[in-house]
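A.B. asks: Please find the sequence and the predicted model below.
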Amino acid sequence: MPWSRDTRPEARLRMIELARSLPFERRLAAIDAEFAASRLLTLAGIRSRTPGASEEDIEAQYYRLMLGNDLGERVLELQRARRRSRTGT
């Protein structure tokens, strides 16, 4: 977890203690919520930089940004194949 430069060492240790005291499910839920917020902010940034782009293009840009061009393209191909198999085309 990145820390702000102005976080005092005692506060940092207390935050770690509190996080460790949480049940695993609560820690996992917090991570999931942070990931979802990060995804939403990233998608909003892509939308603002590419007005008029389709949702499919925005999603493609997201995967390429997060995973790199090669892996992002592989994930997109898998998603396209799943869509085709669902629709029978």
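C.D. replies: Nice, I can see it. Residues are numbered from 1 along each chain as shown.
A.B. asks: hey, let's count contacts and neighbours off CA atoms from now on
C.D. replies: Noted.
A.B. asks: Check the gap between Arg12 and Arg26 for me.
C.D. replies: Separation of Arg12 from Arg26 (CA to CA, to the nearest Å): 19 Å.
A.B. asks: Provide a list of residues in contact with Glu55.
C.D. replies: Applying CA atoms under 8 Å, 6 or more residues apart in numbering, we find Glu55 in contact with no residue.
A.B. asks: What's the per-residue pLDDT of Trp3 here?
C.D. replies: Looking at Trp3, its pLDDT is 66.
A.B. asks: contacts for the helix or strand that contains Leu71?
C.D. replies: Here Leu71, judged by DSSP states H and E, is contained in helix 69-87. When contacts are defined by CA under 8 Å, 6+ apart, helix 69-87 is touched by residues 60, 63-66.
A.B. asks: And for Gln61, the neighbour number?
C.D. replies: 20 (other CA atoms under 10 Å).
A.B. asks: Do I have it right that it meets Ile46?
C.D. replies: Yes. Using CA atoms under 8 Å, Gln61 is in contact with Ile46, at 7.4 Å.
A.B. asks: tell me which residues in whatever helix or strand Thr42 lives in are buried?
C.D. replies: Using DSSP H and E, Thr42 maps to helix 24-49. For helix 24-49, a neighbour-count test (16 or more other CA atoms under 10 Å) marks 42-43, 46-47 as buried.
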